[in-house]
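> Quick one, structure for this:
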Amino acid sequence: MIVKERQLDMPETNPDTVFARQRPRLVRLAYRMLGTVVDAEDVVQDAWLRWLATDQKAVREPAAFLRTIVTRLCLNELKSARRRREIYIGPWLPEPIVEPEGAEEGFDDITLPLMVALESLSPLERAAFLLHDVFGAGFDEVAEAIGREAATCRKLASRARERLRAARPRFPVTRERGLRIASAFFAASRSGDMETLRSLLAEDVVAYADGGGKVPASPQPLVGLHMVLKRHAALAHDFTVSPSRLIRYGVINGLPGFITVEAGDILQTTALQIEDGKIVDVYVTRNPDKLGIWQAKKFVEGAFRPSEMRLLWRRTVDEGSRSRPGQDPLFDDAGGRTCSNRKIFYLDEIEKAVLAGLQH
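Numbers count the residues shown, from 1 in each chain. Below is the predicted model:
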């Protein structure tokens, strides 16, 4: 079941405060439309600039107005994104979001399989579904956002809903059981225990690996138990020569999984879709462009020697430029230090910043 986003009261008239209160929801909308945090942040930054140029006093419903701006910007971005993905090497997976430790169950109601399934929708279907079913917008607002009649928007959302139905787990597992299965999968796959792997995987399991052509990864999904076991049998020798270094277990886009450093110092996340106690999908993300936060985290948590420690350069900030209102710690002095017109941010602040933009 998809839970609609909570509505916010916004009595404030200060434009900075109004935008700041909506910003987390706008980032969530943009991320779900585009699939990457960086692109989502860029869209929301553009929306902020447009908000500044707007006569805010003439805007009766700022939340709806800002959702409309972000939706239109995302639709424009998807045109070029689709062209890039047509030449993308191997399966394309959304940028993984690792749930913070201690988060409540249901932190992200749009799971990784649903994010992947959203890619099969047209941009207009995706927008109509997200705005109405997830963010609780009426179809009149949806029509304004995507430039179609309300009746057409109802059909778009209905069509999207039907196409996404198969991506929803029929028998989902609890967080605790899911993480136990993830732990067993990690141990069996790294030790070459094929019998245990066979007991964990469904007959029709599918494994996806996103390397983006930048690191080794299977160019096509592995379909079926035989193919997945064959691949892990081939990898068993590699794991004995270069053992995986576990960073931690966690919930990744709503699915149990783990973060590791593999041979060649390649970082990856592994998320598992589990139904009726069996793993039906394995999602492995290895593309370094999608793992910026964890590229830093692997150093902090001891996967590398202290002498190899490096910091993550997040964003260029011109001195004297106006920072965004309600900004997460990425632009707070407490989260980093200014150096040559750039800010260098330590891991904890980076992770908090991205998670802050994706929480309710």
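> and residue 20, how many neighbours?
Residue 20 has 16 neighbouring residues, counting by other C-beta atoms under 10 Å. Bear in mind the C-beta positions are built from the backbone N, C-alpha and C, glycine included.
> tell me which element it falls in.
Per DSSP states H and E, residue 20 falls inside helix 15-34.
> Now do the buried residues in that helix.
Within helix 15-34, the residues that qualify as buried are 15, 18-34, counting by 16 or more other C-beta atoms under 10 Å.
> Ok, stretch 226-246 next?
Neighbour-count burial for stretch 226-246 [16+ other C-beta under 10 Å]: 227, 228, 229, 232, 239, 244, 245, 246.
> I'd guess the first one is in a helix, am I close?
Yes: counting by DSSP: H, G, I helix; E, B strand; the rest coil, residue 227 is part of a helix.
> which one is it nearest to, not counting chain neighbours?
Closest residue to residue 227 in three dimensions, ignoring its sequence neighbours and counting by C-beta to C-beta, 6 or more residues apart in numbering: residue 207, at 7.8 Å.
> Same check on the fifth one?
If the residues on either side of it in the chain are set aside, residue 239 comes closest to residue 190, at 4.8 Å by C-beta to C-beta, 6+ apart.
> ok, that neighbour to residue 263 distance?
Using C-beta to C-beta, to the nearest Å, one gets 11 Å for the distance from residue 190 to residue 263.
> quick one: which of these two has more around it?
Set residue 190 next to residue 263 and count neighbours by other C-beta under 10 Å: residue 190 wins out with 19 against 13.
> how about that one, secondary structure?
Assigned by three-state DSSP, the conformation of residue 190 is helix.
> I figured it hits residue 244, correct?
Yes: at 5.2 Å, residue 190 counts as touching residue 244 under the criterion of C-beta atoms under 8 Å.
> Show me which parts of the strand or helix carrying residue 251 are buried, residue by residue.
Secondary-structure element containing residue 251, defined by DSSP H and E: strand 245-252. With burial defined by 16+ other C-beta under 10 Å, the residues of strand 245-252 counted as buried are 245, 246, 247, 249, 250, 251, 252.
> Name the nearest residue to the fourth one, sequence neighbours excluded.
Just to be clear, that refers to residue 249. Skipping the residues right next to it in sequence, residue 249 comes nearest to residue 258 by C-beta to C-beta, 6+ apart, at 4.8 Å.
> Can you report the mean pLDDT over the residues of the one helix or strand that neighbour maps to?
Per DSSP H and E, residue 258 falls inside strand 255-262. Averaging pLDDT along strand 255-262 gives 94.
> Stretch 122-131 now?
On average, the pLDDT along stretch 122-131 is 97.
> How about residues contacting that stretch?
29, 32-33, 67, 71, 74-75, 78-79, 82, 118, 121, 137, 141-142, 145-146, 148, 153, 156-157, 159-161, 163-164 (C-beta atoms under 8 Å, 6 or more residues apart in numbering).
> now do stretch 26-43
For stretch 26-43, the external contacting residues (C-beta under 8 Å, 6+ apart) are 5, 44, 47, 66-67, 70-71, 73-75, 77-78, 81, 92, 94-95, 97, 110, 115, 118-119, 126-127, 130-131, 134-135, 290, 292, 354, 357-358.
> Between the two ends of stretch 236-256, what distance do you get?
The first and final residues of stretch 236-256 sit 22 Å from each other (C-alpha to C-alpha, to the nearest Å).
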